[in-house]
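[1] Predicted model and sequence below, questions to follow.
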Amino acid sequence: MSFFEENCLEMDRYLESKTSNEPEILKKLRKETYQKTTQPHMISGLQQGRLLSIISKLISPKNILEIGTFTGYATLCLAEGLAKDGKIFTIDKNEELAYLSEKYFSESDFSSQINFIKGNALDEIPKLNIDFDLIFIDADKSNYLNYFNLIKPKMKSGSLLLIDNVLWHGKVLEENPKLESTKIIKELNELIAQDEDFENLILPLRDGIQVARKI
C-alpha cells in the first residue's frame, strides 16, 4: 500500500469518527449487507448516508426518486428528510436482493412512505407522472445519460439532482478512456456542467457525488 493510500484510509477513518452516528436500523442493515451480498461496497455507507440525510432534511422534499435501491441504505437515509405527507419512489430490477431492502423498509419509521418499484428504471420512470424535489441516481453507469434525459423533465425549479460515482475511481481523468462506462460518466459530467438549466458542483466524497440544482 502506498503512502497516499495509507493517508487516504487514515483520513477516511478520521472523517467517519467526526460524522454523526447513523440510526441503529442503518447499522443493522449495513452489517447484513456485508454478510449477505457479494458487492457490499456498493452500499452508500456512513459518510455518504449522512450527506443524503442532511440534504433531504434541508429541503424537506415531498417527492423523492431513487434510481438504484441495492439493499435500501440510501433509501432510508433520504427518507429521513421527507415531508410528513412525502413519498420516496425507489426503483431496482435486482429481485434477488429485494427481500433485504423490503425487510428494513417494513421495520423503519418510513414504511408507509416508501414505494419500492421492482423493474427496469428506463421503463418505470416514464410511468411516474410526478414532479420530484430530489432525485438520487446510483445504478448502472451505462445508462446514466439515459436516466438524466428521462428525469430532467420531471424536475421543477429548485429541485436537486444527486448522482453517485461520478469520479469513477479517478478514471474520469483519462483523456482517452477505454471503458464505455468511463466515457459515459465523463460525458454526463460535461453535459451537466454546460447545461444552463442547472447549477452544479462535484463533491469528492468517496467516489464523487454530482450535486445539481435545477434553476
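    It's in.
[2] In this structure, where is pLDDT below threshold?
    By pLDDT under 70, the low-scoring segments of the chain are 1-6.
[3] can you tell me how far Leu58 sits from Phe89?
    According to Cβ to Cβ, to the nearest Å, Leu58 and Phe89 sit 20 Å apart. From N, CA and C alone the C-beta is placed, and that goes for glycine too.
[4] Looking at the two, which is more packed in?
    More neighbours surround Phe89 than the other of Leu58 and Phe89, with 20 against 11 (other Cβ atoms under 10 Å).
[5] All the helices of this protein, residue numbers only.
    For the chain, applying DSSP state H gives helices covering 3-17, 24-36, 45-59, 73-79, 98-107, 121-124, 144-151, 180-194.
[6] Mind listing residues that contact the second one?
    Residues external to helix 24-36 that are found in contact with it (Cβ atoms under 8 Å, 6 or more residues apart in numbering): 22, 40, 43, 45-46, 49, 70-73, 76-77, 100, 104, 107-108.
[7] thought Thr71 was touching Tyr99?
    No: the pair Thr71 / Tyr99 is not scored as a contact, 9.7 Å apart, by Cβ atoms under 8 Å.
[8] any idea which strand is longest in this protein?
    strand 155-164 (DSSP state E).
[9] who are the neighbours of it, in terms of helices and strands?
    helix 45-59, strand 132-137, helix 144-151, strand 209-214 (3 or more Cβ pairs under 8 Å, 6 or more residues apart in numbering; DSSP states H and E).
[10] again, 6 Å this time
    Counting contacts by 3 or more Cβ pairs under 6 Å, 6 or more residues apart in numbering; DSSP states H and E, strand 155-164 is packed against strand 132-137, strand 209-214.
[11] Who does Ile91 form a beta bridge with?
    Taking DSSP bridges as the rule, Ile91 bridges to Ile67, Ile117.
[12] What is the burial count for it?
    The burial count for Ile91: 23, using other Cβ under 10 Å.
[13] ok, now how distant is it from Gln47?
    Distance from Ile91 to Gln47, by Cβ to Cβ: 24 Å.
[14] Repeat that for Ser17.
    Distance, Ser17 to Gln47, using Cβ to Cβ: 11 Å.
[15] Counting neighbours, go ahead and name the busier of those two.
    More crowded of Ser17 and Gln47, by other Cβ under 10 Å: Gln47, with 16 against 7.
[16] contacting residues for the residue lying closest to the more buried one once chain neighbours are set aside?
    Distance criterion Cβ to Cβ, 6 or more residues apart in numbering; nearest residue to Gln47, sequence neighbours excluded, is Thr19 at 5.6 Å. Applying Cβ atoms under 6 Å, 6 or more residues apart in numbering to Thr19 gives the contacts Leu46, Gln47, Arg50.
[17] please redo it, this time with the cut-off set to 10 Å
    By Cβ atoms under 10 Å, 6 or more residues apart in numbering, the contact set of Thr19 is Leu46, Gln47, Gly49, Arg50, Leu51.
[18] repeat for Leu161
    65, 132, 134-137, 147-148, 151-152, 155, 192, 198, 200, 210-214.
[19] ditto for Leu58
    Gly81, Leu134, Leu160 are the contacts of Leu58 under Cβ under 10 Å, 6+ apart.
[20] May I see the buried residues of the longest strand of the chain?
    For strand 155-164, burial by neighbour count (16 or more other Cβ atoms under 10 Å) applies to Met155, Ser159, Leu160, Leu161, Leu162, Ile163, Asp164.
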